Structures are given as C-alpha cells and as structure tokens.
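Asker: structure of the sequence below:
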Amino acid sequence: MLDRNNTCVLIFNMQNEMVPLLSDSVQVLHNNIWLVDFSSILGIPIVIFKHKKL
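Answerer: Sure thing, here's the model as predicted:
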C-alpha cells in the first residue's frame, strides 16, 4: 500500500519534438495528465524534471 508520507510521482519532461515519435503518443500524454490529476486528489507530491538541451 502506498503511504503519501514517503511517496511521490516523478515525471520527466516530455520534449515537444520527441512526443510525436512515441508509439501512441496521445495516450501517453493522456496517461500523464491522468496521473498528475489523480495524484493531486490523493495529496501525493508530484516532482517534474525538466531536461535542458545541451
């Protein structure tokens, strides 16, 4: 069972130019939005990492 005191959702940024290359990219984006919404409802912290291009 998850304990919100020691759990977080970790999402790595989705680079706009890479998303179209993913298989079923629309579903991937939808799933990420659902995960963030659901985690917010449960009070689970969300951490988003943003990749910086070199």
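
Asker: I'd say residue 8 and residue 46 touch.
Answerer: Yes - taking Cβ atoms under 8 Å as the definition, residue 8 is a contact partner of residue 46 at 6.8 Å. For every residue, glycine as well, the C-beta is placed using N, CA and C.

Asker: what's the neighbour count on the closest residue to residue 43 other than its chain neighbours?
Answerer: Among residues not flanking residue 43 along the chain, residue 4 sits closest, at 5.4 Å (Cβ to Cβ, 6 or more residues apart in numbering). Residue 4 has 11 neighbours, counted by other Cβ atoms under 10 Å.

Asker: which residues sit in contact with residue 4?
Answerer: By Cβ atoms under 8 Å, 6 or more residues apart in numbering, the residues touching residue 4 are 42, 43, 44, 45.

Asker: likewise for residue 22?
Answerer: Residue 22 is in contact with residue 28, counting by Cβ under 8 Å, 6+ apart.

Asker: roughly how far does it sit from residue 35?
Answerer: In this view, residue 22 and residue 35 are 16 Å apart by Cβ to Cβ, to the nearest Å.

Asker: that concludes my questions; thank you for your assistance.
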